[in-house]
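**Student:** A structural model of the following input is requested.
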Amino acid sequence: MNVSENLVSVPAKVYDVVVMGAGFAGVCQARHLLLKVPNLQIALIDPRSLERSDKDLKVGESTVEISSMFMYKELGLYEYLIEHHCPKHGLSFHWPKNQSQTESCEDYFHIWTASPPPLESFQINRAKFEQDVLKMNLEMGAEFYNGRVADVNLTVQDELHTVKVKLAKETVELKAKHLIDAAGRSFILGKKTDNLMFDPEQLYGINTGSSWLRVKNIDRTILDDGYDPANSAASRYYTTNHFFGHGHWIWMLPIERNERELSIGIVYHKNIIPTSEINKINKFKAFLKANHNLVYNIIESGETVDFHNLPRLAHMSKKIISQDNWYILGDAAHMFDPFYSSGLVLTALSIESVTEAIRSKLAQEPDARQKQADFNQFLLTNARTYNFFCQKHEKHLGNASVMSWRTYSENMLWFGVLLPMYVGKWFLNSEFISHFVKIANFLFFAQNSFFNNLHRHFDELVDDQVHIGLMDFTRNDQLLFGYRTSKEFDHYLGNTKFEPLRCNVFAGMKATMFYLSLYYLKFRFKSYGILGMLSPRSLFYVFQLLSLSAYLAMGEKIHLFKTRHLPDNTFVEKMKKDFKNYKYEPKLQPWGEKAQA
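**Tutor:** Have a look, this model is predicted:
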């Protein structure tokens, strides 16, 4: 089928789903719906044409385990990603040894990624990815309106929404049973429903901006010559490199192989670095030359492709999934800080939630409206935790000791809770969502929560200039019993427990709370000595974590009992049963002239 046949301009038509925006969130949502819901009538709207260029490049190229798994498992794009986009070898962190000397890698303290990750992830060229997946969607039957949304009329419950689209020569109206805003910072539904929060006081004090550029044909030996037989087994170039300093961090990652193209950008806290001092390319380069000369030299070795500045980075939505059948995805919903490549993770979780909500509604399932409410609660709570983890960054980023301890604890939660939760699709289970929300409130949002307390201690260490050593989240010699943050406590990867609820998420959560208690005891000892470790306040938080671990251990046992007759993987179990009838026959089938005879 010729995709140009789908470039339509027709009178009003009723669609099951209308997606406003054909960027990453929009094209991925459309493909996920088309794969999961048969015979779906879906339209995408975007002012950009099918062909994308350098002008369509944007931040958000780096993926992590969840966003990568979403693309290659849920969207079926594994081979496409391998063939067309760069691999990613984890995260690497760098702090200057002396701020006045940043010429080479030898001038930094490092946490290098130690080995290739157990789950592949990628650095994607957004313009190419969005163009390619949009064309895939059209080949699957979606329709594309190359125009701009002029107006939206939202209705209540199951009444049809109306979208006016201004095309090149006319304006058309589309009717939608379900309406999705994936149009980024146009904030189409956010403005229509007064759904947005920009005030730093509503965002745990985050007041950040970002400047970034792309540069190609760089000399990558400035970073690393590629020969390092005595160190890690991972590529230093294909990692996401983070360079830290006072009130800022810088990313550097490859997005194209043949021309050695990099995305390089800074997230800056405006109370320390005003936008006016870094919002032009010459100012950005001057900042790098003074503070991270290594990065500056890499840029100067190549050809600059583009430059951008976003003076206001962080925002949040009050609602993501509405029981009136409208939904908000990607940058249209929230953005906090790309530090952990959170934007695409939150988008992936939202897309799968939206697909299940829409599928349930179209199938007229009795709990469909409740699913919308539950999924909305999960997505808001999960986004709020990412918002929480970016608070006070401006005070901690440049301190290698404090920031390394901070990233260690956050990686514990990523691998012990969020990743197995995603693999097992627990975030689509209403009962689990209620537990998740309670635990999140307990750990993060209560006034005396564990992580609020931990952040206060980090503040004290920075203020008092206390050095407590480097905590390397890539190694398994930092805590007891050979623990490392990426350790599996349910063998969901090795035993391919990819079907919903097969992975025992409670095992990982239980162990994570236990190791967090050990982490906290070590942290208190390093910071305040034996008396600090054994103080009543310290023991109070350790008791809280161990109590939560015991509570989750009960959940682990209940899950094991409920799934005692279920195979880890249905496909593997069927193959095992079929294999019982296998009988080896030491012969070959005839071929050539014998076969014809």
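
**Student:** the strands in the stretch 1-150 of the chain, which residues?
**Tutor:** All strands of the stretch 1-150 of the chain, identified by DSSP state E, counting those that start in this stretch, fall at 13-20, 42-46, 86-88, 91-96, 108-111, 121-123, 143-146, 148-153.

**Student:** Select, out of these, the one closest to Leu480.
**Tutor:** For Leu480, the closest of the strands of the stretch 1-150 of the chain is strand 108-111, at 20.2 Å, according to CB to CB. C-beta coordinates here come from the backbone N, C-alpha and C atoms, glycine included.

**Student:** CA atoms only: put stretch 516-526 into CSV for me.
**Tutor:** C-alpha atoms of stretch 516-526 as CSV (Å, rounded to 0.1, in the frame of the first residue of the first chain):
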residue,chain,number,x,y,z
LEU,A,516,17.8,0.1,51.7
SER,A,517,18.0,-0.4,55.5
LEU,A,518,21.6,-1.6,55.1
TYR,A,519,22.4,1.3,52.8
TYR,A,520,21.0,3.7,55.4
LEU,A,521,23.1,2.2,58.2
LYS,A,522,26.2,2.5,56.1
PHE,A,523,25.3,6.0,55.2
ARG,A,524,24.7,7.1,58.8
PHE,A,525,28.0,5.5,59.9
LYS,A,526,30.0,7.2,57.1
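
**Student:** Not counting that stretch itself, show me its contacts.
**Tutor:** 405, 408-409, 412, 450, 454, 457, 468-469, 479-480, 483, 532-533, 535, 538, 541-542, 545-546, 549 (CB atoms under 8 Å, 6 or more residues apart in numbering).

**Student:** Give me the below-cutoff pLDDT ranges for the stretch 201-350 of the chain.
**Tutor:** Under the criterion pLDDT under 70, no range of the stretch 201-350 of the chain is flagged.

**Student:** The strands of the stretch 1-150 of the chain into JSON lines, with extra columns for mean pLDDT and distance to Tyr296?
**Tutor:** Converted to JSON lines, the strands of the stretch 1-150 of the chain look like this (pLDDT from 0 to 100; distance: least, CB to CB, whole Å):
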{"stretch": "strand 13-20", "mean pLDDT": "97", "distance to Tyr296": "40"}
{"stretch": "strand 42-46", "mean pLDDT": "98", "distance to Tyr296": "36"}
{"stretch": "strand 86-88", "mean pLDDT": "94", "distance to Tyr296": "22"}
{"stretch": "strand 91-96", "mean pLDDT": "96", "distance to Tyr296": "13"}
{"stretch": "strand 108-111", "mean pLDDT": "96", "distance to Tyr296": "14"}
{"stretch": "strand 121-123", "mean pLDDT": "95", "distance to Tyr296": "21"}
{"stretch": "strand 143-146", "mean pLDDT": "97", "distance to Tyr296": "40"}
{"stretch": "strand 148-153", "mean pLDDT": "96", "distance to Tyr296": "39"}
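
**Student:** Looking at those strands, which is nearest to Gln370?
**Tutor:** Counting by CB to CB, Gln370 lies closest to strand 13-20 out of the strands of the stretch 1-150 of the chain; the figure is 20.4 Å.

**Student:** can you point me to the longest helix in the chain?
**Tutor:** As assigned by DSSP state H, the longest helix anywhere in the chain is helix 505-533.

**Student:** now, which of the contacts of stretch 516-526 lie within helices?
**Tutor:** 405, 408-409, 412, 450, 454, 457, 532-533, 538, 541-542, 545-546, 549.

**Student:** ok, Gln596 - how many residues close by?
**Tutor:** Burial of Gln596 is recorded as 7 neighbouring residues (other CB atoms under 10 Å).

**Student:** ok, it to Gln589 distance?
**Tutor:** Relative to Gln589, Gln596 is positioned 13 Å away (CB to CB, to the nearest Å).

**Student:** Quick one: residues contacting the residue nearest in space to the middle of the chain.
**Tutor:** What sits nearest the mean C-alpha location of the chain, by CA atoms, centre = their mean, is Val345, with 2.3 Å. Counting by CB under 8 Å, 6+ apart, Val345 touches 64, 66-67.

**Student:** same question, Asp472
**Tutor:** 111, 404, 408, 478.

**Student:** that older thread, among the ones in helices among the contacts of stretch 516-526, which has the minimum pLDDT value?
**Tutor:** Checking pLDDT across the ones in helices among the contacts of stretch 516-526, the minimum falls on Gly532 at 92.

**Student:** What sits closest to it if chain neighbours are left out?
**Tutor:** Leaving aside its sequence neighbours, Gly532 sits nearest to Arg524 (CB to CB, 6 or more residues apart in numbering; 4.8 Å).

**Student:** buried residues in stretch 232-249?
**Tutor:** Neighbour-count burial for stretch 232-249, with 16 or more other CB atoms under 10 Å as criterion, is recorded at 232, 234-245, 247-249.

**Student:** pull the longest strand from this structure.
**Tutor:** Counting residues, the longest strand in the chain under DSSP state E turns out to be strand 171-181.

**Student:** same for the helix or strand following that one, what does it pack against?
**Tutor:** Toward the C-terminus, strand 171-181 is succeeded by helix 188-192 as the next helix or strand (DSSP states H and E). Packing partners of helix 188-192 (3 or more CB pairs under 8 Å, 6 or more residues apart in numbering; DSSP states H and E): strand 148-153, strand 171-181, strand 326-328.

**Student:** how far out from the middle of the chain is helix 188-192?
**Tutor:** Distance of helix 188-192 from its chain centroid, counting by CA atoms, centre = their mean, to the nearest Å, is 24 Å.

**Student:** need the next SSE after it, C-terminal direction.
**Tutor:** Where DSSP H and E defines the elements, the next helix or strand beyond helix 188-192 is strand 196-197.

**Student:** State the pLDDT value of Asn6.
**Tutor:** So, for Asn6, pLDDT stands at 56.

**Student:** and Asp158, what is it in contact with?
**Tutor:** Listed by CB under 8 Å, 6+ apart, the contact set of Asp158 reads 177, 325, 361.

**Student:** Identify the residue nearest the second one in space, chain neighbours excluded?
**Tutor:** So the one you mean is Asn325. Spatial nearest neighbour of Asn325, excluding adjacent residues (CB to CB, 6+ apart): His178 at 4.8 Å.

**Student:** what's the burial count for the one you found?
**Tutor:** His178 has 25 neighbours, counted by other CB under 10 Å.

**Student:** so it sits right up against Gln323, yeah?
**Tutor:** No. Between His178 and Gln323 there is no contact under CB atoms under 8 Å: 11.6 Å.

**Student:** Tell me how many other residues surround Glu460.
**Tutor:** If you count neighbours by other CB under 10 Å, Glu460 ends up with 12.

**Student:** Could I get the CA-only coordinates of the strand or helix carrying it as CSV?
**Tutor:** Taking DSSP H and E as the criterion, Glu460 maps to helix 450-464. Provided in CSV are the C-alpha atoms of helix 450-464 (Å, rounded to 0.1, in the frame of the first residue of the first chain):
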residue,chain,number,x,y,z
PHE,A,450,12.5,8.0,54.4
PHE,A,451,13.6,9.9,51.3
ASN,A,452,12.7,13.3,52.7
ASN,A,453,14.9,12.5,55.7
LEU,A,454,17.7,11.3,53.4
HIS,A,455,17.6,14.5,51.3
ARG,A,456,17.9,16.6,54.5
HIS,A,457,21.0,14.6,55.4
PHE,A,458,22.5,15.2,52.0
ASP,A,459,21.9,19.0,52.5
GLU,A,460,23.8,18.9,55.8
LEU,A,461,26.7,17.0,54.3
VAL,A,462,27.0,19.6,51.5
ASP,A,463,26.7,22.5,53.9
ASP,A,464,29.3,21.0,56.3
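
**Student:** So which other helices or strands are in contact with it?
**Tutor:** helix 393-396, helix 400-413, helix 505-533, helix 536-562.
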